[in-house]
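Engineer: no sequence on this one, just coordinates:
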């Protein structure tokens, strides 16, 4: 089943991360940038990461930003990809990042600039937001945290990392089949 993009796809500022969520990254001057749209086709896939984030409290009119940030952090925080510096032409600054977020229809608003701040380096392609994730009753209402009901939000993040190979004719990465010896 193919996910359908919803009309509220958005882009973010040229510098995707004006203030990183990590003080260490901020001190080091790290933060992803927006990929140049003229050459921004991830056709060499190196790594895929998946994560989920849950937000159990707060004003649901503010959307699913907190859950989306948590989903992206969950996807990348337990991974280390030091080999990318040798594989990606130009190293980490040229690493392309594609992020797809599955967000509950009940809370479709996501501040994509906040989500972009999670990435320490690379070039972030336009973030794709589709209907997905879920909502559920947490069984707890905490008015002091902005709760109006017990609705909790879950966002799913799928992150693909790779680079653009201009000699490759394909606009999409090749899927490898293990039956072919790969």
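Structural biologist: Arrived safely. Being a predicted model, the structure only gives us computed values, none of them experimental. Residues are numbered from 1 along each chain as shown.
Engineer: ranges for the strands of this structure?
Structural biologist: 33-34, 44-55, 96-103, 123-124, 128-131, 134-137, 151-163 (DSSP state E).
Engineer: the ones you listed: which one's closest to residue 61?
Structural biologist: For residue 61, the closest of those is strand 151-163, at 11.2 Å, according to Cβ to Cβ. Where you see a C-beta, it was placed from the backbone N, CA and C, and this is true even at glycine.
Engineer: average pLDDT across that closest one?
Structural biologist: Averaging pLDDT along strand 151-163 gives 96.
Engineer: who's in contact with the spatially most central residue of the chain?
Structural biologist: The structure's the chain has its C-alpha centroid closest to residue 99; by Cα atoms, centre = their mean the separation is 3.7 Å. Residues in contact with residue 99, defined by Cβ atoms under 8 Å, 6 or more residues apart in numbering, are 72, 115, 124-125, 127-128, 157-159.
Engineer: okay, buried residues for stretch 82-97 please.
Structural biologist: For stretch 82-97, the buried set under the neighbour-count rule, 16 or more other Cβ atoms under 10 Å, comprises 84, 88, 92, 94-97.
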